[in-house]
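In: need a structure here:
(2 chains)
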Amino acid sequence: MLNCQFDDEIIQTYEEMRMGKGDHKELKFLVLKVEENSVLIDHDLTKLSTLEELTNQLPEKNTRFIIYHLDFEMPSQNTNSQVKEGSRTKMMFITWCPNETNVKEKFQVAAIVKTVKHKLTGLSTTIHCSNRNEIDEKSMIEKCLTFMK
Amino acid sequence: PSMIGRPKNSPNAVFQPQHEFKCHIGEELHQFPFRYDEFKPIISCGIVQDWDEMIILLEYCLKKVPKFDMQEGKYTRRVVLNEPLLNPIKNKQKWFEILFEYFEFHSLVPQVQPLAALYASGRTTGLVLDVGEDCTQILPVYDGYALSNVMNKMRSWGGRVGGGDLTKFVANLKYESGWEFSNSGREISKKIKERLAYVAPNYWKEVELNAESSQLSRTFELPDKTTITIDDLRFKCGEVLFRPSEFLGVDYVDGGIDDLLINTLLKSPIDCRNDFSNNIVLCGGTALMPGFKERLELEVQSRILPPHLPTPKVNVIQQVESSYLSWIGGAIIGSLGLTTHYIFSREGYMESGVDINRPYSLNLS
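Out: Below you'll find the model as predicted:
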């Protein structure tokens, strides 16, 4: 585990987003960046409203952590019944690590992942992404369903 | 290469080594390959064969490190020991002995190669397939924890398949086709392998294609400016990795690299399998062979079917710096100053020796 500066602001924002309270309850995702041994919020990217915009604007040569508030309808086990299973929410943890990044930064990110997961409670799954098309809501839902049955 | 050659008794002073070690080391060997008695590699399958030579090699390497003063540095520096999987305990003990007693370094962090490679590719979950010069190893890691019960090294009765075997294979085939090279043959075979060899998606189709036309043949220029034509050698060389028993004539109990990969995937817990199949990280020089990645994806996709693999999505990651990935990983571990539990200090060693019962080195946390 790499020792790094971890801002309290991140934990606060994350909790507000997760619990749906406070200033940041509408936030769909939180983007973190690593700069010289400290984890910071990337405000430019966090401002965006949809996942598509975010994927298009992710940097090509730098790494990011994305915490995504996934909200989906639970598919019904019984296809005939009218009863709905209701919606579920999950906090997804996505690491954005394109191939063009230099190796040192990649390593740093991999070593920090554990710290971030330790600080932020309630993250359900981790997805490693290096291509833009890998970040997609459908595959995230599929992944969640594998352990929700 | 980690090799040492001692010149034969030669009156000609040109071939005598220039430095104080009285032998030629590594790349220097390529200059005069015909001047030596037979030389053999110091490390084979990650296990050191000759410790006296190893010390010479280490001293030589340390001398080449910029801004490093041996007298001053040795008491203060920390060393990262990047070892292969399933390193025999005797080998481990000997490393400790040499680094602490002979070189007197301050402290030591042992680390397994595939894990360092995985971190260097920016992941904490994944399946690392390391196809190196003389051994092939595979290690699944979930969230930073290595599943050590599933890890695997390719075994055979004669040796382990790797890049070196391909070179030998090329040399033998060339011999069969009527070319004979003297001592420098190894270097030439290696160059042919690196420049022209590839892995075919379907071996038998490639054989047919080669019989019909000559579009697969390439020419290669030898050092004396004559050219030779190489055709079926190109894809046969790649195929050795997948069917070593047939091509090398040695009994490889685990089958080829594809079998190794698939067995490891099937041995790992079903919940993790998809995470592994999406993050197969290649490392080692041989893994850079064109077509290798595509072939692996094809094999895994066609041979593991949905009940065993929840969603049939396979993603193999091949990086440009693949051949040195585990080395780079080790270097970064050293430079970042990670806090691991597995730092062995020289004082502790002098006090009590190596405690071989102490579990170590598989997890970086």
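
In: okay, CA-based contacts and neighbour counts for the rest of this
Out: Fine.

In: list the contacts for residue 54?
Out: I'll assume chain A. A:45, A:48 (CA atoms under 8 Å, 6 or more residues apart in numbering or on different chains).

In: not quite, go with chain B.
Out: B:42, B:48.

In: nearest residue to the residue of chain A found nearest chain B other than its sequence neighbours?
Out: Nearest to chain B, among the residues of chain A, is residue A:106, at 4.1 Å (CA to the nearest CA). The shortest distance from residue A:106 to any non-neighbouring residue, by CA to CA, 6 or more residues apart in numbering or on different chains, is to residue B:122 (4.1 Å).

In: wait, isn't residue B:242 in contact with residue B:261?
Out: No. Applying CA atoms under 8 Å, one finds residue B:242 not in contact with residue B:261, separated by 10.8 Å.

In: of those two, who's got more company?
Out: residue B:261 (23 against 20; other CA atoms under 10 Å in any protein chain shown).

In: the helix or strand where that one lies: what's the following helix or strand?
Out: According to DSSP states H and E, residue B:261 maps onto helix B:257-267. Per DSSP H and E, the first helix or strand lying C-terminal to helix B:257-267 is helix B:270-278.

In: counting neighbours, what do you get for the closest residue to chain A within the stretch 1-150 of chain B?
Out: Proximity of the stretch 1-150 of chain B to chain A (CA to the nearest CA) peaks at residue B:122, 4.1 Å away. Residue B:122 has 29 neighbours, counted by other CA under 10 Å.

In: and for residue B:219?
Out: Residues near residue B:219, counting by other CA under 10 Å, number 13.

In: ok, and the closest non-adjacent residue to it?
Out: Nearest residue to residue B:219, sequence neighbours excluded (CA to CA, 6+ apart): residue B:229, at 4.4 Å.

In: my guess is the one you found is in a helix, correct?
Out: No. According to DSSP: H, G, I helix; E, B strand; the rest coil, residue B:229 belongs to no helix; its state is strand.

In: gap between it and residue B:247?
Out: Residue B:229 sits 21 Å away from residue B:247, going by CA to CA, to the nearest Å.

In: do the same with residue B:194
Out: Distance from residue B:194 to residue B:247, by CA to CA: 19 Å.

In: where does the prediction get shaky in chain A?
Out: Applying pLDDT under 70 to chain A picks out residues A:1-2, A:78-81, A:149.

In: pLDDT at residue B:191, what is it?
Out: Looking at residue B:191, its pLDDT is 80.

In: next: residue B:282.
Out: Looking at residue B:282, its pLDDT reads 90.

In: shouldn't it be within a helix?
Out: No. If the criterion is three-state DSSP, then residue B:282 is strand and not within a helix.

In: pretty sure it is touching residue B:320, no?
Out: No. Between residue B:282 and residue B:320 there is no contact, the gap being 10.2 Å when judged by CA under 8 Å.

In: for the longest helix along chain A, packing partners?
Out: As assigned by DSSP state H, the longest helix anywhere in chain A is helix A:103-119. Contacts defined by 3 or more CA pairs under 8 Å, 6 or more residues apart in numbering or on different chains; DSSP states H and E place helix A:103-119 against helix B:113-120, helix B:325-336.

In: wait, what's in contact with the residue of chain A closest to chain B?
Out: Applying CA under 8 Å, 6+ apart, we find residue A:106 in contact with A:63, A:97, B:119, B:120, B:121, B:122, B:123.

In: which of the three states applies to the residue nearest to the spatial centre of chain A?
Out: In chain A, the residue lying closest to the centroid (CA atoms, centre = their mean) is residue A:67, at 2.1 Å. With three-state DSSP as the basis, residue A:67 sits in strand.

In: can you pull the contacts of it?
Out: Each residue near residue A:67 by CA under 8 Å, 6+ apart is listed here: A:29, A:30, A:31, A:91, A:92, A:93, A:94.

In: hmm, which two among those are most spread apart?
Out: Pairwise distances across those peak at 12.9 Å for A:31 and A:91 (criterion: CA to CA).

In: surely residue B:142 and residue B:272 touch.
Out: Yes. Here residue B:142 lies in contact with residue B:272, judged by CA under 8 Å, at a distance of 7.5 Å.

In: how near is the residue nearest to residue A:106 to residue A:126?
Out: Counting by CA to CA, the gap from residue B:122 to residue A:126 is 13 Å.

In: list the contacts for the nearest residue to residue B:131 once chain neighbours are set aside?
Out: Leaving aside its chain neighbours, residue B:131 sits nearest to residue B:284 (5.0 Å; criterion: CA to CA, 6+ apart). By CA under 8 Å, 6+ apart, the contact set of residue B:284 is B:130, B:131, B:132, B:133, B:322, B:323, B:324, B:325, B:326.

In: adding neighbour count, pLDDT and distance to residue B:109, write those out as TSV.
Out: Shown next, in TSV, are the contacts of residue B:284 (neighbours: other CA atoms under 10 Å in any protein chain shown; pLDDT from 0 to 100; distance: CA to CA, whole Å):
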residue	neighbour count	pLDDT	distance to residue B:109
B:130	28	86	21
B:131	25	83	24
B:132	21	78	22
B:133	22	75	24
B:322	24	80	23
B:323	20	82	22
B:324	15	84	19
B:325	26	85	18
B:326	26	85	15
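
In: flag every residue of the stretch 101-250 of chain B that's near chain A.
Out: B:119, B:120, B:121, B:122, B:123, B:124, B:125 (CA under 8 Å from any CA of the partner chain).

In: which of these sit farthest apart?
Out: The span of those, defined through CA to CA, is set by B:120 and B:125 at 12.0 Å.

In: out of these two, which sits in the busier spot?
Out: residue B:120 (31 against 27).

In: so the longest helix of chain A versus helix B:325-336, what angle?
Out: Interaxial angle of helix A:103-119 relative to helix B:325-336 (axes from the mean of the first three to the mean of the last three CA atoms, to 10 degrees): 70 degrees.

In: pull the distance from the next helix or strand after helix A:103-119 to the chain's centre.
Out: Sequence-wise, the next helix or strand downstream of helix A:103-119 (DSSP H and E) is strand A:125-129. In terms of CA atoms, centre = their mean, to the nearest Å, the centre of strand A:125-129 is found 8 Å from the chain centre.

In: got it, and stretch A:94-113?
Out: For stretch A:94-113, the distance to the chain centre is 15 Å (CA atoms, centre = their mean).

In: now do the buried residues in that stretch.
Out: Buried residues in stretch A:94-113, counted by 16 or more other CA atoms under 10 Å in any protein chain shown: A:94-99, A:101-113.
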